[in-house]
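Chemist: 3D, please:
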Amino acid sequence: MMAYALAALLFLAMGVAYVKGYDMVKSRSPEHLPHFYLAMAAIRMLLVLTAVGIYVLLAGNRDNSVTFVLTCLGMYVAMMVVTLTLRH
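Modeler: Now for the predicted structure:
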């Protein structure tokens, strides 16, 4: 249960970082918004893959690992949809 709470906090932090970064880039240099979006997408993907990999290595239980991976995948899709609809 603690892993799910930490994963939710990770996704919340990534979402806040995206929104704040988007506002900063838009106010200072709007022509760099596509670069910002691609950089943040790569960073978010790496963070999620790292968190999932650490959980899978430490959990040792296949059923819990699969459930956690599917939960993180669902949260990742939801985060992408929310951030795209908020700022585009």
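
Chemist: Would you agree A8 is in contact with C72?
Modeler: No: at 9.8 Å, A8 does not count as touching C72 under the criterion of Cβ atoms under 8 Å. For the C-beta atoms, the positions are set from N, CA and C on the backbone; glycine is no exception.

Chemist: mind checking pLDDT for M2?
Modeler: With respect to pLDDT, M2 has a value of 84.

Chemist: So A8 and C72 - more neighbours on which side?
Modeler: Taking other Cβ atoms under 10 Å, A8 and C72 do not tie; C72 has more neighbours (21 against 13).

Chemist: Which phi and psi values does P30 adopt?
Modeler: With angles defined as degrees, to the nearest 10, P30 sits at phi -60, psi -20.

Chemist: elements contacting the helix or strand bottoming out on mean pLDDT in the chain?
Modeler: When the helices and strands of the chain are scored by mean pLDDT, DSSP states H and E, helix 62-87 comes last with a mean of 87. In this structure, helix 62-87 packs against helix 2-28, helix 33-59, with contacts taken as 3 or more Cβ pairs under 8 Å, 6 or more residues apart in numbering; DSSP states H and E.

Chemist: Quick one: distance of it to the chain centre.
Modeler: Its chain's C-alpha centre and that of helix 62-87 lie 8 Å apart, by Cα atoms, centre = their mean, to the nearest Å.

Chemist: Ok, stretch 80-88 next?
Modeler: That offset, for stretch 80-88, works out to 13 Å (Cα atoms, centre = their mean).
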